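Undergrad: Sharing a sequence plus its predicted fold:
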Amino acid sequence: MSQETAPSKTTLTAMLPQASVHVFSPEDHTRDVFASLAGDWRFGRVSFEIKGNSIEDAVKVYEGAKSPTLIIVQTNDTGSDFRDMLNKLSSHCAEGTSALVIGPVNDVQLYRTLTSIGVSDYLVHPVSLFDMAEAISRTILSMLGASNSHLIAVVGAKGGVGTTNLAHLISSVSSGVLDQKTILLDAAAGYSTLWAQFGFSPTGTLIEATKAAIDRDHDTLSRILMAVSENLTFLNTGAEPMLSNSSQQRLFEMFLEKMLSQYPVVVVDLSATSPAIQSVVLSRANGVFVVTTPTVNALSLTRTLLKEVLAMRGQEGEFIKLIINKRGESSGLEVPEKDISEAVSHAISATLPYMPKHFLKCESEGARPSEGPEGQKMMQHLQNLVASILGLDPVAAATETDAKGGFLPGFLKKLSS
């Protein structure tokens, strides 16, 4: 196992949706931060305007004007008078407008009070460019979501066919080749081995992750959701007991909803999880990768699985990608390529060679299956398939990549409620 390194914790790795931000601050430092954000490509669809100096100015502005997506107010007084003005401001804002407050002191009780009345976040002056970018992105994404999010399910016909490795490779194609902000989820609870592919140990459970997402507990989420590259994050669960009930269908559904609002691409490894969770994900996925090996038993189960998925999705088969994995593991005993499509009544999308040394080396050294010449070769087999599910041109996306080198919605609930 490789030595663990601290992963990046940034959530801002893709262009944000279109939004308007109005700023009320008298501080040059704060205004300079927003000027810098306006030039950041990730905020290319976000408009920033300095509208005044105080919350009093904000109240006057929205007495006769429509409120924006997000209002940012800086204050040196967070006492009862300021909270009264927040209440007054809320009465002039359209439902769905959010707010962020910049204050003078780091006060946990004040933070809890402000967030309990609907303020999306509270930051302490002077605010760094990084912290401001993170706070704004969390707020905008929790309100508007990541537009056109895609859910990709990866399911194996049986254990041992390489489902987890394929899920990793697919997420690597999405994030590294197609330049999409991507999260890789594993629903296997205590049976998860996804963490080993990134050289880490489990840092939490699905229950912890779901509760943190609902409660906007960013500290816990940053421990469990690990950003391992600019575009790729994975759910580092697996700390559950192996013999406990790993179904947790409703919990996983709730967490999945949160992630789909945050990430344009969500890849779910369905190996070693319950049929209930598999059904939920397969029924709504934009694309399904069915992984099998070219053996009689595996293909028999593949045929049954494909029939069930097709029945679940109204016989629409174009979104199902059949992957034949480990070709060459038992030469002479495997079903020939020409017979497989007829046997399972579905066309083969890609065939991947048997590479035991590569995967055993990755497992023993804590390396990623996508690394090295073998990993790159397998990713090439999958690139066009992933791009087709995401509606992207793989060549254009790869060229563009080479050229580059809070969760709960809304603000300003009425204090009276």
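TA: Alright, I've got the coordinates. Numbering: from 1, shown residues only.

Undergrad: what are the phi and psi angles of G287?
TA: The phi and psi torsions at G287 (degrees, to the nearest 10) take the values phi -150, psi 140.

Undergrad: which ones are touching the spatially closest residue to it that is not a sequence neighbour?
TA: Leaving out its chain neighbours, the residue that sits closest to G287 by C-beta to C-beta, 6 or more residues apart in numbering is I389, at 3.4 Å. The C-beta positions use only the backbone N, C-alpha and C, and glycine is treated the same way. I389 makes contact with 150, 152, 286-287, 319, 321, according to C-beta atoms under 8 Å, 6 or more residues apart in numbering.

Undergrad: now the residues you listed: which count as buried?
TA: Buried residues within the contacts of I389, counting neighbours by 16 or more other C-beta atoms under 10 Å: 150, 152, 286-287, 321.

Undergrad: Okay, helices next: where are they in the stretch 101-250 of the chain?
TA: 108-116, 129-144, 163-172, 206-215, 218-224, 249-262 (DSSP state H, counting those that start in this stretch).

Undergrad: just these: most buried one?
TA: Highest mean neighbour count among the helices of the stretch 101-250 of the chain (mean count of other C-beta atoms under 10 Å): helix 163-172, with a mean of 27.

Undergrad: which strands and helices sit next to that one?
TA: strand 150-156, strand 182-186, strand 232-235, strand 265-269, strand 287-292, helix 372-390 (3 or more C-beta pairs under 8 Å, 6 or more residues apart in numbering; DSSP states H and E).

Undergrad: In the record's domain split, what are the boundaries for the chain?
TA: 19-144, 150-404 (automatic domain parsing).

Undergrad: most neighbours per residue, which of these?
TA: Highest mean neighbour count of those: domain 150-404, a mean of 19 (counted as mean count of other C-beta under 10 Å).

Undergrad: And the average pLDDT for that one is what?
TA: Here domain 150-404 scores 86 as its mean pLDDT.

Undergrad: just stretch 67-79 next, same as before
TA: Stretch 67-79 comes out at a mean pLDDT of 90.

Undergrad: begin at 128 from here
TA: That works, and once the first residue is 128, the last one we named lands at stretch 194-206.

Undergrad: So what touches that stretch?
TA: 146-154, 157, 176, 181-182, 185, 209, 216, 219-221, 224-232, 234, 237, 241, 247, 252, 263, 266-267, 270-271, 538.

Undergrad: again, only this time at 6 Å
TA: Stretch 194-206 is contacted by residues 146-152, 157, 182, 185, 209, 220-221, 224-231, 237, 266 when judged by C-beta atoms under 6 Å, 6 or more residues apart in numbering.

Undergrad: what's the answer for stretch 403-417, then?
TA: 277-282, 314, 374, 376, 379-380, 395, 397, 436, 439, 446-450, 516.

Undergrad: rerun that using 8 Å as the cut-off
TA: By C-beta under 8 Å, 6+ apart, stretch 403-417 touches 277-284, 293-294, 297, 314, 374-376, 379-380, 383, 395, 397, 429, 432-433, 436, 439-440, 446-450, 512-513, 516-517.

Undergrad: and D313, what is it in contact with?
TA: Counting by C-beta under 8 Å, 6+ apart, D313 has contacts 291, 294, 319, 321, 361-362, 364-365, 395-396.

Undergrad: In CSV, list the residues you listed along with distance to K193.
TA: What follows is those, written out as CSV (distance: C-beta to C-beta, whole Å):
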residue, distance to K193
T291, 49
A294, 44
S319, 47
L321, 45
F361, 40
L362, 39
T364, 42
G365, 47
V395, 39
D396, 44
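
Undergrad: Show me the shaky parts of the stretch 128-277 of the chain.
TA: 128-142, 168, 244, 271-275 (pLDDT under 70).

Undergrad: switch to 80 and redo it
TA: Where the stretch 128-277 of the chain drops to pLDDT under 80, the residues are 128-145, 167-169, 171-172, 222-223, 234-245, 268-275.

Undergrad: how about the strands in it?
TA: For the stretch 128-277 of the chain, the strands defined by DSSP state E, counting those that start in this stretch cover 146-151, 173-179, 197-201, 225-230, 248-251, 277-283.

Undergrad: can I get those strands in JSON lines with distance to S401?
TA: Below are these laid out as JSON lines (distance: least, C-beta to C-beta, whole Å):
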{"stretch": "strand 146-151", "distance to S401": "38"}
{"stretch": "strand 173-179", "distance to S401": "40"}
{"stretch": "strand 197-201", "distance to S401": "39"}
{"stretch": "strand 225-230", "distance to S401": "36"}
{"stretch": "strand 248-251", "distance to S401": "36"}
{"stretch": "strand 277-283", "distance to S401": "12"}
